[in-house]
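Participant: build me a structure from this.
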Amino acid sequence: MTGSAKKRQRLQPGRPRAPRHSLDRLVRWCAAKTAPDADLSVLIFSVTDDIVEQGFWDGEDWRYASGGSAGEVSHWAELPDPPNGPDQR
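Facilitator: Prediction:
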């Protein structure tokens, strides 16, 4: 299937879509004002970029894992545990 065919398939009207933030069922979100320990890798929701990404609190600002500024962050969550075996990969 070509890239444009995949795009058309994804955008078909009436097709069920995942909730905007489906991670809500997998992780426990905490308000950003309760920042985790500095430099602990967590999931963050950047209000500025409207995205959930891996990031960290550097003690003064929220940053993406790449080190760039995440802007205004409203919530954070611990990273989920990795799979435990070949059946969960």
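Participant: which stretches in this structure count as strands?
Facilitator: 30-31, 42-46, 51-57, 62-64, 73-78 (DSSP state E).
Participant: nearest to residue 84, of the ones you listed?
Facilitator: strand 73-78 (16.9 Å; CB to CB). Heads up, the C-betas are built off the backbone N, CA and C, glycines and all.
Participant: got a list of what the closest residue in space to residue 73 that isn't next to it in sequence touches?
Facilitator: With CB to CB, 6 or more residues apart in numbering as the criterion, residue 73 has its nearest non-adjacent residue at 4.0 Å, and that residue is residue 62. Going by CB atoms under 8 Å, 6 or more residues apart in numbering, residue 62 touches 32, 44, 46, 55, 56, 69, 70, 71, 73, 76.
Participant: only whichever of those residues are buried, select them in ChimeraX.
Facilitator: With 16 or more other CB atoms under 10 Å as the criterion, this ChimeraX line picks the buried residues out of the contacts of residue 62:
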select :32,44,46,55,56,70,73,76
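Participant: now render the contacts of residue 62 as JSON lines, adding distance to residue 38.
Facilitator: Shown next, in JSON lines, are the contacts of residue 62 (distance: CB to CB, whole Å):
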{"residue": "32", "distance to residue 38": "14"}
{"residue": "44", "distance to residue 38": "14"}
{"residue": "46", "distance to residue 38": "18"}
{"residue": "55", "distance to residue 38": "12"}
{"residue": "56", "distance to residue 38": "8"}
{"residue": "69", "distance to residue 38": "15"}
{"residue": "70", "distance to residue 38": "14"}
{"residue": "71", "distance to residue 38": "18"}
{"residue": "73", "distance to residue 38": "14"}
{"residue": "76", "distance to residue 38": "12"}
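Participant: beta partners of residue 31?
Facilitator: residue 75 (DSSP bridges).
Participant: okay, the residue lying closest to residue 32 once chain neighbours are set aside: pLDDT?
Facilitator: Of all residues not flanking residue 32 in the chain, residue 73 sits nearest, at 4.8 Å (CB to CB, 6+ apart). Here the pLDDT value assigned to residue 73 is 97.
Participant: got it, and the one 4 residues further on?
Facilitator: Taken from the predicted model, the pLDDT recorded for residue 77 is 94.
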